[in-house]
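1. Just the structure for this:
(one chain, ligands or ions: 1)
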Amino acid sequence: MKRFDVIVIGSGPAGSAAARVARRYGLATAIVDKASFPRDKLCGGLFTGRSHKAMRDIFSQDITPNLFLTSTHMRFSASGRPLADIPDAPEMHLTMRRRLDAMLHDKAVASGAEAFLGCAVTQIDQDARTVQLRGGETLGYDVLIGADGVGSVVARALFGKAFDPDKTAFGLEIETPLEAAHDNAVEIDFDAAEWGYGWSFPKRKTRTVGICGLPPQNPDIKASMSRYVALTGADASLSYKGAYLPFGDYKKTPGKGAVLLAGDAAGLVDPITGEGIALAMESGALAAQAAAKAIARHAPETAMARYRPLIRPIQKSLDQARLWRLIMFPKATQGHFKKAFARGSHLQMKYLQLLAGEADYADLRWELLRRMPRLAWRFAKHRLGLRQPG
Ligand SMILES: Cc1cc2nc3c(=O)[nH]c(=O)nc-3n(C[C@H](O)[C@H](O)[C@H](O)COP(=O)(O)OP(=O)(O)OC[C@H]3O[C@@H](n4cnc5c(N)ncnc54)[C@H](O)[C@@H]3O)c2cc1C
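-> Take a look at the predicted model:
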């Protein structure tokens, strides 16, 4: 049986970042994925300034035209009705995950991680510290990093289930051909789904059109998607692909002893911006850092205790985002939010800066409360428990 200091399960942005950083610490590292690369991953592919920074820091990779389309044009709407058209927004990058993830995986392998591809992990033995791959091979680890996405087999081994389907958004997408006359605008529609939104993101040859929302509030999400597809003028004959995304329902303790979770497996997606790629890379890197410290002290079982304070700032920002969700999404407040958004160029700019990773939720809070005193009162009442929203 082969043994490694660290085994990383999953080679999406979280897993490749974890493997890359583990190698930086000189750890013997395996990266296991059930797929071979390149492989598809359902995603809008919006790559924010925060993602850019993480990719530069962890993978020494910059934005390049072969992998990214860059746009500074942003358009917001509600049921197709324009709320804001901003031609000079902060830069947004758009990518196809098939190519991005293959590049990140290659970088992890180039840094010395041993790849096991086309090998689904089927079993984890936390006492023996081994994982079993489909086909029968068994690998040993000191620290295991589960970066195996929303349906994580590692999270299931730790907690019995990977995620709560009622608190986890479901998204549908199509890749529609790019029209001859298009302006590269990045479009978001706040009304396309309940407790969620819709997007139309330009790529080099296609547009990714999709919606996502929490399942209990969207019992017929296919019908919502059909309406949004019609609004955007996308090809209505394309069949929809669907996937869950953990919309802010993160795991408070993302791991146990020598087993850590990163990225979607830990529930790290911002419910306001839908951003998961940056948080995946950041958390993967932090998990590897915690693993390295635990292994250096000959105490792999302390990895989770070392990971907890490192991951806390990301979890705190998700707590803030979840509060904003109570303003933006419930029926009682969403009309006020949309009005304030349409009226306030400062609020629009703060939201854009948030998307670009140049501002945080505290900046958005003051701008929103300044614009929406009535909404602030409703929100305060809700926080005091006097009234349930929506
Ligand atoms: C519809 C939709 C739209 C989105 N749009 C955006 C967006 O525009 N911008 C953004 O930032 N985020 C977006 N996200 C979120 C983003 O896609 C995720 O947050 C991100 O992919 C998380 O990365 P990860 O590495 O944690 O997991 P993943 O990217 O899911 O990678 C997990 C890897 O684990 C492997 N794996 C799974 N199970 C096993 C197993 N048993 N054994 C071995 N390997 C396994 C998989 O093959 C995969 O390669 C979107 C998500 C959805 C669903």
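2. Report pLDDT for the residue most central in space within the chain.
-> Centroid check for the chain by CA atoms, centre = their mean gives residue 276 as the closest residue, at 1.2 Å. If you check residue 276, the pLDDT there is 96.
3. Tell me if I'm right that it and residue 269 touch.
-> Yes. Judged on CB atoms under 8 Å, residue 276 makes contact with residue 269 at a distance of 3.9 Å. C-beta here means a position set from N, CA and C on the backbone, and glycine is covered the same way.
4. OK, contacts around the residue lying closest to residue 258 once chain neighbours are set aside?
-> Excluding its sequence neighbours, the residue lying closest to residue 258 (CB to CB, 6 or more residues apart in numbering) is residue 300, at 4.2 Å. Contact partners of residue 300, counting by CB atoms under 8 Å, 6 or more residues apart in numbering, are 129, 142, 143, 257, 258, 291, 294.
5. now residue 21
-> Residue 21 sits next to 58, 284, 285, 288, 289, 292 when contact means CB under 8 Å, 6+ apart.
6. for residue 87, same thing?
-> Residue 87 touches 72, 73, counting by CB under 8 Å, 6+ apart.
7. cool, the one 5 residues further on as well?
-> By CB under 8 Å, 6+ apart, the contact list for residue 92 reads 46, 47, 48, 70, 71, 72, 74, 186, 355, 356.
8. Mind listing the residues bridging to it?
-> residue 71 (DSSP bridges).
9. give me the number of residues near the closest residue in space to residue 320 that isn't next to it in sequence?
-> Of all residues not flanking residue 320 in the chain, residue 361 sits nearest, at 3.7 Å (CB to CB, 6+ apart). Burial of residue 361 is recorded as 20 neighbouring residues (other CB atoms under 10 Å).
10. quick one: residue 361 from the ligand, how far?
-> 17 Å (CB to the nearest ligand atom, to the nearest Å).
11. Wait, that residue touches residue 318, no?
-> No. When contacts are counted by CB under 8 Å, residue 361 is not listed as touching residue 318 (9.6 Å).
12. if we can go back for a sec, tell me the residues that contact both of residue 276 and residue 269, please.
-> Joint contacts of residue 276 and residue 269 (CB under 8 Å, 6+ apart) are 245, 246.
13. list the helices and strands the lengthiest helix in the chain packs on?
-> If you go by DSSP state H, the chain has its longest helix at helix 303-328. Packing partners of helix 303-328 (3 or more CB pairs under 8 Å, 6 or more residues apart in numbering; DSSP states H and E): strand 255-256, strand 259-261, helix 277-296, helix 331-343, helix 361-371, helix 373-383.
14. same thing but 6 Å
-> helix 277-296, helix 331-343 (3 or more CB pairs under 6 Å, 6 or more residues apart in numbering; DSSP states H and E).
15. How far off centre is the longest one?
-> Counting by CA atoms, centre = their mean, to the nearest Å, helix 277-296 is centred 16 Å from the centre of its parent chain.
16. Now do it against helix 303-328, angle only.
-> 160 degrees (axes from the mean of the first three to the mean of the last three CA atoms, to 10 degrees).
17. Pull the CA coordinates from helix 277-296 and hand them back as CSV.
-> Only the C-alpha atoms of helix 277-296 are listed here, as CSV (Å, rounded to 0.1, in the frame of the first residue of the first chain):
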residue,chain,number,x,y,z
ILE,A,277,-14.2,29.3,-7.1
ALA,A,278,-12.3,31.8,-4.9
LEU,A,279,-13.5,30.3,-1.7
ALA,A,280,-12.6,26.8,-3.0
MET,A,281,-9.0,27.9,-3.8
GLU,A,282,-8.6,29.8,-0.5
SER,A,283,-9.9,27.0,1.7
GLY,A,284,-7.9,24.3,-0.1
ALA,A,285,-4.7,26.3,0.5
LEU,A,286,-5.7,26.8,4.2
ALA,A,287,-6.4,23.1,4.6
ALA,A,288,-3.0,22.2,3.2
GLN,A,289,-1.4,24.8,5.6
ALA,A,290,-3.2,23.3,8.6
ALA,A,291,-2.2,19.8,7.4
ALA,A,292,1.5,20.8,7.1
LYS,A,293,1.6,22.3,10.6
ALA,A,294,-0.1,19.2,12.1
ILE,A,295,2.3,16.8,10.3
ALA,A,296,5.4,18.9,11.3
